[in-house]
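Asks: need a 3D model of the sequence below.
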Amino acid sequence: MSTQTERVTAVAGVPLDIRAVRADFPILGRFVHERPLVYLDNAASSQKPQAVIDAEREVYEGYYANIHRGVHQLSMQSTDAYEAARGKVKRFIGAASTKEVIFTRGTTEGINLVASSWGRRHVDTGDEVLISGLEHHSNIVPWQMLCEEKGAHLRVAPIDDDGAVVMEEFERRLGPRTRIVAVAHVSNALGTINPVHRMIELAHAQGAVVLIDGAQAAPHLKIDVRALDCDFYALSSHKLYGPTGVGVLYGRQALLEEMPPYQGGGDMILSVTFEKTTYNELPYKFEAGTPNIAGVIGFGAALDYVSGIGLDRIAAHEHDLLEYATGRLSEVPGLRIIGTAAEKAAVISFVLAGIHPHDIGTVLDYEGVAIRTGHHCAQPVMERFGLPATARASMAVYNTREEVDVLVRGLERVRELFK
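Replies: Next up is the predicted model:
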């Protein structure tokens, strides 16, 4: 008879060995306040497998040098590994060419790049930018800044009591002045999975381009940018078991070709004189300066790791955890789950009657459980539900049903302390 930790999730007859997966993540063996770590803050940032840690270390120990510029062996080896990671991203997201894969510092920079480079050229006075009521601040503030600069209008499609975008209102807010639609694939605060394929179809019918914030989707869902038919797609490495300080912006080649550079500096040029600069070809036109070389190579290792497990198996395992955690948390007296959309990723926001989320998080920490508390960089979502903050448990491939049980026992401890 297997224990809960030994449970496997089978997809197409291939089991997911949770014990083996957990063994790949060194940090999961540590203790917090003399209790085994239960890490449920994956929507903020995921932990890193040994393969990623090793890949970064190997860069610095074995062949680190700056890229794209040197003729010596270290530079060429670093360049080859860096560009190999770009190829892995291309395959992971289904891009047509590596020219459509721009390395950034993260999703936030990818969105700002589009708002600055594409937006300043195509958005004018009286035009409209459409987002949803689910957005992270990183997919709100850059558009507010653009609209303020250009005299354009930011329109927002509302969400319902379940935390899902009201599609009738989304469609109603689209119009001939809509220049760009920017929406999250998955909500970081509630876990809601948006019907982005339908949103893209509706936006394109009005002549608008579409940017998808995929920061929360990339660790959980299979992404195919060509099947989605999106124009831009931004994601981060650190939520996808990779290093911090690395992200990706996908853009259609035709759009990227006509966009001006986002920043100026080294590597984004072909030639410079005091009279004129000629810009480099894609993707380098948008990659000024020395990048996070080891981080990008580490991200490539993370993509290899995730692909080796299979996103279908990861998604099935996380869905099992989501259903189990939803049921167990619903049994806790006074607990209310915020965000109950029919389509969700493994993210659960909740409140406990009469207890501030920060107090919940503090007590749980002493039980060894790491969750996130606060507004999750999504204050408009909190305002929609009349809350200052929630507690959020977010799960990943290495989490187990047993860990959900530890969370629930910790919440009973919270209730005891704050009766």
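
Asks: could you look up the SS state of the residue lying farthest from the centre of the chain?
Replies: Largest separation from the mean C-alpha position in the chain: Glu275, at 41.1 Å (Cα atoms, centre = their mean). Under the three-state scheme (DSSP: H, G, I helix; E, B strand; the rest coil), the conformation of Glu275 reads as coil.

Asks: run through the residues that contact it.
Replies: Residues near Glu275 by Cβ atoms under 8 Å, 6 or more residues apart in numbering: none. C-betas here are computed from N, CA, C, even on glycine.

Asks: please report phi then psi for it.
Replies: Backbone torsions of Glu275, given as degrees, to the nearest 10, read phi -90, psi -30.

Asks: quick check: it vs Ala288, distance?
Replies: Separation of Glu275 from Ala288 (Cβ to Cβ, to the nearest Å) stands at 20 Å.

Asks: wait, Gly266 sits on Gly289?
Replies: Yes: counting by Cβ atoms under 8 Å, Gly289 is a contact partner of Gly266 at 5.8 Å.

Asks: more neighbours: the two, which one.
Replies: Counted by other Cβ atoms under 10 Å, Gly266 and Gly289 do not tie: Gly266 has more neighbours, with 14 against 10.

Asks: could you measure the more buried one against Phe299, distance?
Replies: Plainly put, Gly266 is 21 Å away from Phe299 if you go by Cβ to Cβ.

Asks: do the same with Ala182
Replies: Plainly put, Ala182 is 23 Å away from Phe299 if you go by Cβ to Cβ.

Asks: neighbour count: those two, which is higher?
Replies: Phe299 (31 against 27).

Asks: the more buried one touches Ser237, doesn't it?
Replies: Yes: applying Cβ under 8 Å, one finds Phe299 in contact with Ser237, separated by 4.1 Å.

Asks: so what sits against both of the two?
Replies: Pro243, Val246.

Asks: low-confidence ranges, the protein, go.
Replies: Across the chain, residues meeting the criterion (pLDDT under 70) sit at 1-14.

Asks: ok, for the residue positioned nearest the centre of it, nearest residue in space, not its chain neighbours?
Replies: Residue closest to the average C-alpha location in the chain (Cα atoms, centre = their mean): Ala215, at 1.5 Å. By the measure of Cβ to Cβ, 6 or more residues apart in numbering, the closest residue to Ala215 outside its immediate chain neighbours is Thr107, 4.1 Å from it.

Asks: pretty sure that neighbour contacts Ile212?
Replies: No: using Cβ under 8 Å, Thr107 makes no contact with Ile212, being 10.2 Å away.

Asks: can you check which residues contact both of the two?
Replies: Ala234.

Asks: can you spell out which residues form a bridge with Gly251?
Replies: Beta-bridge partners recorded for Gly251 (DSSP bridges): Phe232.

Asks: distance check, it against Ile111.
Replies: From Gly251 to Ile111 the distance is 12 Å (Cβ to Cβ).

Asks: and Gly126, which of the three is it?
Replies: coil.

Asks: which residues touch it?
Replies: Gly126 makes contact with Gly151, Ala152, His153, Arg177, according to Cβ under 8 Å, 6+ apart.

Asks: in helices, which of those residues appear?
Replies: Of the contacts of Gly126, none are assigned to helices by DSSP state H.

Asks: quick one: which of those is most hemmed in?
Replies: Greatest neighbour count in the contacts of Gly126, by other Cβ under 10 Å, goes to Ala152: 22 neighbours.

Asks: and that one, what does it touch?
Replies: Counting by Cβ under 8 Å, 6+ apart, Ala152 has contacts Val123, Asp124, Thr125, Gly126, Asp127, Glu128, Val129, Leu146, Arg179.

Asks: for the residues you listed, which ChimeraX command selects only the ones that are buried?
Replies: The ChimeraX selection below is limited to those of the contacts of Ala152 classed as buried (16 or more other Cβ atoms under 10 Å):
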select :123,127,128,129,146,179
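
Asks: could I get the contacts of Ala152 as TSV with distance to Leu256?
Replies: Shown next, in TSV, are the contacts of Ala152 (distance: Cβ to Cβ, whole Å):
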residue	distance to Leu256
Val123	17
Asp124	21
Thr125	25
Gly126	26
Asp127	21
Glu128	23
Val129	19
Leu146	18
Arg179	17
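
Asks: which of the contacts of Ala152 lies closest to Tyr398?
Replies: Val129 (37.8 Å; Cβ to Cβ).

Asks: if I look at the closest one, how far off is Arg57?
Replies: Here Val129 is placed at a distance of 43 Å from Arg57 (Cβ to Cβ).

Asks: between Gly251 and Ile111, which one's more packed in?
Replies: Gly251 (30 against 27).

Asks: residues in contact with the more buried one?
Replies: By Cβ under 8 Å, 6+ apart, the residues touching Gly251 are Glu100, Ile102, Val114, Asp231, Phe232, Met259.

Asks: can you put those in TSV and add distance to Arg91?
Replies: Shown next, in TSV, are the contacts of Gly251 (distance: Cβ to Cβ, whole Å):
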residue	distance to Arg91
Glu100	12
Ile102	16
Val114	23
Asp231	20
Phe232	19
Met259	24
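
Asks: what comes up buried for stretch 244-252?
Replies: Buried residues in stretch 244-252 (16+ other Cβ under 10 Å): Thr244, Gly245, Val246, Gly247, Val248, Leu249, Tyr250, Gly251, Arg252.
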